[in-house]
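Asks: need coordinates for the below:
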Amino acid sequence: MNPAVSLFKFFASLKLAIFLLLALALVFAAGTFIESAYGTEAAQLVVYQSFWMSLLLILLALNVAAAALDRLPWKTKHVGFVITHAGIILILAGSLVTRAYGVEGQIAVQEGETAGRMILSDALLHLFSEDSNVPRSLPLPKRAFSWEGREVLDSNLALLRYYPKASRQEKIEASSNGPAGLRVILQSSFMKVEEWLILDDPQRQRINLGPAELRFSREKISSPKESGGGGFLEFQLESSLIQLPVEENVSKTLPLKGTPYRVTLLRILKDAVVEKGELVDRSEAWNNPACELILEGKGIREKHTVFSKYPDFPTLHGLKPGPAGIRIFYHRPEEGDETKNELRFVWQEGQTPFYQVRKGGGVSEGPVRLGEEYQTGWMDFKFRVEDYFPHTRLISRFHEEPVSSQAEEYLSAVEIELSRQGEKKSFWLGQGDTQSAALGGRTFQIIYGMKTKPLGFRITLKDFRVENYPGTGRPAGFESDVTVKDDSTGTVREVNIRMNQPLRYRGYKVFQSGYQQPEGEPEISIFTVAKDPGIPVKYGGAFVLIGGILTMFYTRRFSTREDHQLIVLKKGTGLC
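Replies: Sure, this is the predicted structure:
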């Protein structure tokens, strides 16, 4: 027999169909077991999104197509059979289209803010270096389970370990360089808080405890009038710190004393938002203060936008550190700060910090002696400083956790090795972390982030609402009022998104999937965004399949009639 004919008969055979159906049944059983034991993400990576799963679906489609073609020339009784097989092929084709081109991600939008990109589940390492204006984005292979080995990602980076789920364990210890840090214990008859405060660290120099605040600062407590109403800019260099009042210096060019640099303050924005790709001032309320400035000197010209409430905003968005290497912060006293209870430790060069306690409008202060207790005057609260280091370093370690865990505080973590000119350093990064390292005479910055994708339109969250079950704090439902803007078409739509009522636009479905309610800050609505170009094909295949089944019932009489005519013909010719 011709090899091509033999191959066709193999693909059209019932034996292959039975084998493929049994194989798929076993695969789905294994997927169900993995999902129950290790979670949905592990099942997706190991089974449902695997290469061999796609191969099984392709083989099944070829088997169904070959079985239909094997009946050529088709007769009336074959019509339902052929239509049914065409429906199965369409459903399988739609599934393959979904696997190849389907997209799913998340968007988190704060009330009053706008988002136009969704975060995908694909992890990336962004690598910046001093000698390159273009960052390198290195994809990390998806893995369902923990992995250990050595995988070269780039000429400077190698992956050593990966944990899909990990808990962060941090330790602060004394160092020969780095910012100052102190460990303070604040306690009363009904609570106890123990925290490390790190000088000049945006996340650790200030801790909000609701009615009171802990802070480690270079500046003493001052009233808004003393700090200049509009606040001040802080320029942190390696060996010095320079402060400039903002409000009275707008549109002025000022030198940074002791440095070759000068600063031009362009404008202050009270409520900064991005509209149509530009930063604008939305209102007169101090909701999101920002300052635009230009830093010049030594042949360098950098334009910066510094946000008072989000000092690490540029780092989070992956911007390359400026060549000047100067960290800039915009400090502005918030409304009500002058009366809020505060425990502040004020840094002193070569000495132990002194403390200041604000209660209402009054301020008391004194020297800090390690281990000694002091009264705050807030009910029966007392505090003591257990440790103080002039220089500290933060060491992060990650403990592997079960991949099936749904704990929100767990995150993926990687151990990577940075190398250059024979020097090597290894360190851990949790998802969202940034690490800087000097190696081989060059400074690198590595960010462990996630891949993003533009939507092609923007979503502005106007209002978010939660409805609780009566008499409980359990949410019965939540919804978001959003504005959809599409600059390419000029479309502006007001839409309400709620559970089981998604937004449908440009092939995307935007579902209300969660929310966050940070204390003292606007609420955050979390949307799941999905685009599945295979849905029309799968729906079409389902309708064709149903039509084929109905047609098979209708054409059965033709099959019976043709069989009867064949028997009569055989009897007449003496063949039966």
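Asks: could you pull out the helices for the stretch 101-250 of the chain?
Replies: In the stretch 101-250 of the chain, the helices defined using DSSP state H, counting those that start in this stretch lie at 224-227.
Asks: would you map the strands across it?
Replies: Here the stretch 101-250 of the chain has its strands, by DSSP state E, counting those that start in this stretch, at 103-110, 114-129, 136-139, 147-152, 157-174, 181-187, 192-198, 206-208, 212-217, 232-236, 241-245.
Asks: output the second one in CSV with nothing but the alpha carbons.
Replies: What follows is strand 114-129 as a C-alpha-only set of coordinates in CSV (Å, rounded to 0.1, in the frame of the first residue of the first chain):
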residue,chain,number,x,y,z
THR,A,114,-6.4,56.1,35.4
ALA,A,115,-4.8,52.9,34.1
GLY,A,116,-4.2,51.8,30.5
ARG,A,117,-2.0,48.7,30.9
MET,A,118,-2.7,45.3,32.4
ILE,A,119,-0.2,43.2,34.4
LEU,A,120,0.3,39.7,33.0
SER,A,121,1.5,36.6,34.8
ASP,A,122,4.8,36.6,32.9
ALA,A,123,7.8,37.4,35.2
LEU,A,124,10.6,39.7,34.0
LEU,A,125,14.0,40.8,35.3
HIS,A,126,14.7,44.4,34.3
LEU,A,127,18.5,45.1,34.3
PHE,A,128,19.8,48.7,34.2
SER,A,129,23.4,49.7,34.0
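Asks: that strand: which residues count as buried?
Replies: For strand 114-129, burial by neighbour count (16 or more other CB atoms under 10 Å) applies to 114-116, 118-120, 123-129. Using the backbone N, CA and C atoms, a C-beta is placed for each residue, glycine as well.
Asks: P522 against Q110, yeah?
Replies: Yes - with contact defined as CB atoms under 8 Å, P522 counts as touching Q110 (5.0 Å).
Asks: one step back: in JSON lines, list the strands of the stretch 101-250 of the chain along with mean pLDDT and distance to V263.
Replies: Formatted as JSON lines, those follow (pLDDT from 0 to 100; distance: least, CB to CB, whole Å):
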{"stretch": "strand 103-110", "mean pLDDT": "93", "distance to V263": "30"}
{"stretch": "strand 114-129", "mean pLDDT": "91", "distance to V263": "24"}
{"stretch": "strand 136-139", "mean pLDDT": "90", "distance to V263": "31"}
{"stretch": "strand 147-152", "mean pLDDT": "94", "distance to V263": "43"}
{"stretch": "strand 157-174", "mean pLDDT": "92", "distance to V263": "33"}
{"stretch": "strand 181-187", "mean pLDDT": "95", "distance to V263": "29"}
{"stretch": "strand 192-198", "mean pLDDT": "93", "distance to V263": "26"}
{"stretch": "strand 206-208", "mean pLDDT": "86", "distance to V263": "24"}
{"stretch": "strand 212-217", "mean pLDDT": "90", "distance to V263": "22"}
{"stretch": "strand 232-236", "mean pLDDT": "83", "distance to V263": "8"}
{"stretch": "strand 241-245", "mean pLDDT": "81", "distance to V263": "7"}
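Asks: got JSON lines for those strands, with distance to F11 too?
Replies: Shown next, in JSON lines, are these (distance: least, CB to CB, whole Å):
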{"stretch": "strand 103-110", "distance to F11": "32"}
{"stretch": "strand 114-129", "distance to F11": "35"}
{"stretch": "strand 136-139", "distance to F11": "36"}
{"stretch": "strand 147-152", "distance to F11": "38"}
{"stretch": "strand 157-174", "distance to F11": "39"}
{"stretch": "strand 181-187", "distance to F11": "69"}
{"stretch": "strand 192-198", "distance to F11": "66"}
{"stretch": "strand 206-208", "distance to F11": "67"}
{"stretch": "strand 212-217", "distance to F11": "71"}
{"stretch": "strand 232-236", "distance to F11": "69"}
{"stretch": "strand 241-245", "distance to F11": "74"}
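Asks: nearest to I549, of these?
Replies: Closest approach to I549 among these (CB to CB): strand 103-110, 31.9 Å.
Asks: follow-up on the earlier one: closest one to L394 among the strands of the stretch 101-250 of the chain?
Replies: With CB to CB as the criterion, L394 lies closest to strand 157-174 of the strands of the stretch 101-250 of the chain, at 5.6 Å.
Asks: tell me what that closest one is packed against?
Replies: When contacts are defined as 3 or more CB pairs under 8 Å, 6 or more residues apart in numbering; DSSP states H and E, strand 157-174 sits against strand 147-152, strand 382-389, strand 392-400, strand 411-420, strand 423-430.
Asks: redo that, cut-off 6 Å
Replies: The helices and strands touching strand 157-174, judged by 3 or more CB pairs under 6 Å, 6 or more residues apart in numbering; DSSP states H and E, are strand 147-152, strand 392-400, strand 411-420.
Asks: and the spatially closest residue to E219 that is not a sequence neighbour, how many neighbours?
Replies: Leaving aside its chain neighbours, E219 sits nearest to V346 (7.3 Å; criterion: CB to CB, 6 or more residues apart in numbering). The tally of other residues near V346 (other CB atoms under 10 Å) stands at 17.
Asks: now V346, which residues is it bridged with?
Replies: Judged by DSSP bridges, the bridge partners of V346 are S217, F354.
Asks: for it, give me its contacts.
Replies: Going by CB atoms under 6 Å, 6 or more residues apart in numbering, V346 touches 220, 353-354.
Asks: of those residues - the most surrounded one?
Replies: Within the contacts of V346, neighbour counts (other CB under 10 Å) peak at P353, which reaches 21 neighbours.
Asks: how near is the nearest residue to that one once chain neighbours are set aside to T352?
Replies: Spatially, and ignoring its direct neighbours in sequence, P353 is nearest to F345 (4.3 Å; CB to CB, 6+ apart). Applying CB to CB, to the nearest Å, the value for F345 to T352 is 9 Å.
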